[in-house]
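K.L.:
need a structure here:
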Amino acid sequence: MHRFLQSKIVVGLMAALVLWMGFAVFNIRAERKRTEEQVANVQAKLEQLKNDNNHLSRVVTYLRNPQYLARLAREKLNYKTTDEEVVYVYPEEKKATASVGELKVDALGTLEKVKKWWYSLVRNDE
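P.N.:
Below is the predicted model of the structure:
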């Protein structure tokens, strides 16, 4: 038996077996490292999803709050309770503009203000 184990064929097969086992162990370690990275990524995503879920549940709680719903109804639907009075504020109409040459003048007389300012500067120099 001792002679059989020392033959070149058996030694060659054992060396091949050891190399194959070493390669298998290397592949298993590489696969384990990839799996651990994937687990870490999944755990990070899970934590992010938990945070998002927590945030969304707080938003839903806020949106279901009767005070929020009443305020939203007042703002968007002009809702009022029986003891409230509503005041409507309408936006002002835009003032008409007139053009003098290339200079545009609004209805308040911006050109007149500029003229007064210019005359006050000129008169102060004299």
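K.L.:
checking the most centrally placed residue in the chain next. Helix, strand or coil?
P.N.:
If you average the C-alpha coordinates of the chain and look for the closest C-alpha using C-alpha atoms, centre = their mean, you land on Asp52, 12.1 Å from that point. At Asp52 the chain is in helix, as set by DSSP: H, G, I helix; E, B strand; the rest coil.
K.L.:
break down this protein into its helices, ranges please.
P.N.:
With helices called from DSSP state H, the chain shows them at 2-5, 8-63, 66-77, 110-125.
K.L.:
mind putting those helices into TSV with mean pLDDT and distance to Glu85?
P.N.:
All C-beta spots, glycine's among them, are computed from the backbone N, C-alpha and C. Putting those into TSV (pLDDT from 0 to 100; distance: least, C-beta to C-beta, whole Å) gives the following:
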stretch	mean pLDDT	distance to Glu85
helix 2-5	68	106
helix 8-63	93	28
helix 66-77	86	12
helix 110-125	70	38
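K.L.:
ok, which of these comes nearest Glu93?
P.N.:
In terms of C-beta to C-beta, the element of those nearest to Glu93 is helix 110-125, at 18.0 Å.
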